[in-house]
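Enquirer: Give me a model of this one.
(chains A and B)
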Amino acid sequence: MSEAPESQAAISEEIDCIGEDYEHRGVEETQPRLEYPPYRSSVLRHPTKDPVQVDPEGVDLWAPCFSERDVDPLEADLTIQRGGEPIGERVVVTGLVRDGDGRPVRHQLVEIWQANAGGRYVHRRDQHPAPLDPNFTGVGRCLTDGDGRYSFTTIKPGPYPWRNHHNAWRPAHIHFSLFGTEFTQRMVTQMYFPGDPLFALDPIYQAIVDPHARRRLVADYDHDITRPEWATGYRWDIVLTGTHRTPIGAEEVAGP
Amino acid sequence: MTARLPATPGQTVGPFFHDALPYPGDRHLLAPGTPGGVVLHGTVFDGAGCGVPDALVEIWQADADGRVLQRPGSLRRDGHVFTGWGRASTDRTGRYTFTTVRPGQVDGGRPYFAVTVFARGLLNRLFTRAYLPLPDAPTTEVLDAAGDRAETLVCAEDDLGLRFDIRLQGEAETVFLTYPGHSSA
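Expert: Sure, this is the predicted structure:
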């Protein structure tokens, strides 16, 4: 491949065309398209055949179980993992994890990872020449509480360049990995910060072609979460898909 | 059951998950070499037939007696407690490996590993099943629905144990699954 990298203008035009086509069709989509050519790495990595619709059974109706044995409460604070204070804007990110029926997902695992304030990941393949922060790993975990609430204290990540096209930049985001109460609810996504000027330019965010659906990945600034003289606060609630298990007649499961 | 609230959209796992999601013992549901254990392994391929070096595969399964367990400890394995859940990132050639047990029948159904696949370039997670290769087992609704592609849902016995390749795209594309209440896009 010796072609010159494509311009943002060319990628933006593709994004706009797909968006206009979606508007004209008028059929609501709520998840990202798997086939979304402006995100070049997706071209060879999306299925081309329709998925087979399945009624969940057996093991599908349960999710793996995590507890305090798996997760140390300190893992929810990404600002205390090393000897000193990481650099950047300290933020609290919190919200509820619910299923599609509105029920809280209690005592379940939430994992996050992110770039540092300069937009750099610790990951060895990240070649962005921004400084690493010796006091920031960008990795955290927690269990939701009895109301389905998660909470992390971290540093607001910076945007970073990537090689999808010439001068491509990702909007600042935190990766989230989520489990529900059954296997079918497993989900990995990214949370964004409000007002990011890179939203319109980013083919990963725009792969969710519906503007209302995209907006569901953007946290809200919430002054009630902001802590005086300490950290700004963001609220981001997460909804997993519905459950299928009937509460009555649920199978017996082996105890611990 | 139809979901009342629209689900939060998924996004790709991206290229930088390796410091966050993998952990010591993630792929060893059973300590390697344990009697009764089996290796479940395979390669994740892209549409050009190349191994995907930045994919992540998770399995969730019943134990050998067909019990679905609700036991903590997956993230800090002690080598004794079987939890039924594991996670394996692919290597530079796209290979993944688990050591586990062959799942037993749950409610009389044909045994399978429930599988989720994540990768850079894959915009949302994919669900599939890896059925045990049981030549005499009755077929299932899912295998019937998969028609002439049903083979992609069945492990092959090999020297190492059970082989289950995952083809994201292409001629022998793996059958991926969707559940009621999921929207494919």
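
Enquirer: Let me see the ranges of the helices in chain B.
Expert: All helices of chain B, identified by DSSP state H, fall at B:141-146.

Enquirer: So which bits of the longest helix belonging to chain A are buried?
Expert: When chain A is parsed with DSSP H, its longest helix is helix A:8-25. Across helix A:8-25, burial judged by 16 or more other CB atoms under 10 Å in any protein chain shown covers A:I11, A:S12, A:E14, A:I15, A:I18, A:Y22. In this view, the C-beta of every residue, glycine as well, is placed from N, C-alpha and C.

Enquirer: Check the third one and give its pLDDT.
Expert: This points to A:E14. pLDDT recorded at A:E14 is 98.

Enquirer: got a pLDDT number for the closest residue in space to it that isn't next to it in sequence?
Expert: Leaving out its chain neighbours, the residue that sits closest to A:E14 by CB to CB, 6 or more residues apart in numbering or on different chains is A:P38, at 4.5 Å. What the model reports as pLDDT for A:P38 is 98.

Enquirer: right, and A:P38 touches A:A10 too?
Expert: No: counting by CB atoms under 8 Å, A:P38 sits too far from A:A10 to count as a contact (9.1 Å).

Enquirer: follow-up on the earlier one: contacts for the longest helix of chain A, please.
Expert: With contacts defined as CB atoms under 8 Å, 6 or more residues apart in numbering or on different chains, helix A:8-25 is touched by A:29, A:36-38, A:164-168, A:200-201, A:203, A:206, A:209-210.

Enquirer: one more time with 10 Å, if that's ok
Expert: Identification of contacts with helix A:8-25 by CB atoms under 10 Å, 6 or more residues apart in numbering or on different chains yields A:6-7, A:28-29, A:33, A:36-40, A:164-169, A:200-203, A:205-207, A:209-211, B:185.

Enquirer: Narrow these to those that are buried.
Expert: Buried among the contacts of helix A:8-25 (16+ other CB under 10 Å): A:29, A:33, A:36, A:38-40, A:164-165, A:168-169, A:201-203, A:205-207, A:209-210, B:185.

Enquirer: Show me the strands in chain A, by range?
Expert: Under the criterion DSSP state E, chain A carries strands at the ranges A:52-53, A:90-98, A:109-114, A:139-143, A:149-155, A:160-162, A:168-170, A:173-178, A:187-192, A:220-221, A:232-235, A:238-239.

Enquirer: Tabulate the CA atom coordinates of the fourth one in PDB.
Expert: This file holds the C-alpha atoms of strand A:139-143, laid out as PDB (Å, rounded to 0.1, in the frame of the first residue of the first chain):
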ATOM      1  CA  VAL A 139      -6.500   0.900  34.300                       C
ATOM      2  CA  GLY A 140      -9.300   0.400  36.800                       C
ATOM      3  CA  ARG A 141     -11.900  -2.000  38.000                       C
ATOM      4  CA  CYS A 142     -14.900  -1.900  40.400                       C
ATOM      5  CA  LEU A 143     -18.000  -3.800  41.300                       C
END
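
Enquirer: which of the residues in that strand are buried?
Expert: Using 16+ other CB under 10 Å as the test for burial, strand A:139-143 gives A:V139, A:G140, A:R141, A:C142, A:L143.

Enquirer: wait, doesn't the residue nearest to A:E14 sit right on A:P203?
Expert: Yes: contact criterion CB atoms under 10 Å: A:P38 and A:P203 qualify, at 3.7 Å.

Enquirer: tell me, what's touching those two both at once?
Expert: A:I11, A:S12, A:E14, A:I15, A:I18, A:N164, A:H165.

Enquirer: Just name the closest of the residues you listed to A:Y150, please.
Expert: Using CB to CB, A:N164 comes nearest to A:Y150 of these, at 30.0 Å.

Enquirer: any idea how far the closest residue to A:R149 other than its chain neighbours is from chain B?
Expert: Among residues not flanking A:R149 along the chain, A:L96 sits closest, at 5.5 Å (CB to CB, 6+ apart). As judged by CB to the nearest CB, to the nearest Å, A:L96 and chain B stand 11 Å apart.
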